[in-house]
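Trainee: From the sequence below, what's the structure:
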Amino acid sequence: MTQLTVLPHPDLCPEGATVEAAPGSRLSDALLAAGVAIEHACEKACVCTTCHVVIRRGFEALRPASDDEEDQLGKAWGLEPNSRLSCQVRMPQSAEVVVEIPRYSRNFVRENH
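Mentor: Numbering: from 1, shown residues only. Modelled structure (predicted):
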């Protein structure tokens, strides 16, 4: 199992959270199962950036981003070198992964674009 730590986010997870995530599960699914209501406007199809997270620890344990994910990440608000789309990250066999959910996201559906 992977230990997943979510850093505090003022709206989605004010106290932060630490949960166990099954190997091979999507990071977004692990967050949702832990009660962290991360946005996923495209229903995890890798065509938006609403589930953007920054991996603060454990980035090297993750499989590299696909070309499609890299293309979408270029549109994310607050992009950093360790940014990923949580719907595309599969949890590793065993690792400690620490994620930060950016304060803002670009949700073109909700923003009427």
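
Trainee: Check which residues of stretch 33-41 are buried.
Mentor: Neighbour counts over stretch 33-41 (16 or more other Cβ atoms under 10 Å) mark 34, 36, 38-41 as buried. The way it works is simple: take the backbone N, C-alpha and C, and place the C-beta from them, glycine included.

Trainee: what does stretch 2-9 give?
Mentor: Residues of stretch 2-9 classed as buried under the neighbour-count rule (16+ other Cβ under 10 Å) are 2, 4-6, 9.

Trainee: In CSV, list the C-alpha atoms belonging to it.
Mentor: As requested, C-alpha coordinates have been extracted for stretch 2-9 and formatted as CSV (Å, rounded to 0.1, in the frame of the first residue of the first chain):
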residue,chain,number,x,y,z
THR,A,2,1.0,3.6,-0.6
GLN,A,3,0.7,6.2,2.1
LEU,A,4,-0.9,9.2,0.6
THR,A,5,-0.7,12.5,2.5
VAL,A,6,-2.8,15.4,1.3
LEU,A,7,-1.6,18.8,2.5
PRO,A,8,-4.2,21.2,3.9
HIS,A,9,-6.4,22.9,1.3
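
Trainee: And for it, what's in contact with it?
Mentor: Contact partners of stretch 2-9, identified using Cβ atoms under 8 Å, 6 or more residues apart in numbering, comprise 13-23, 27, 30-31, 34, 36, 56-58, 91-101, 103.
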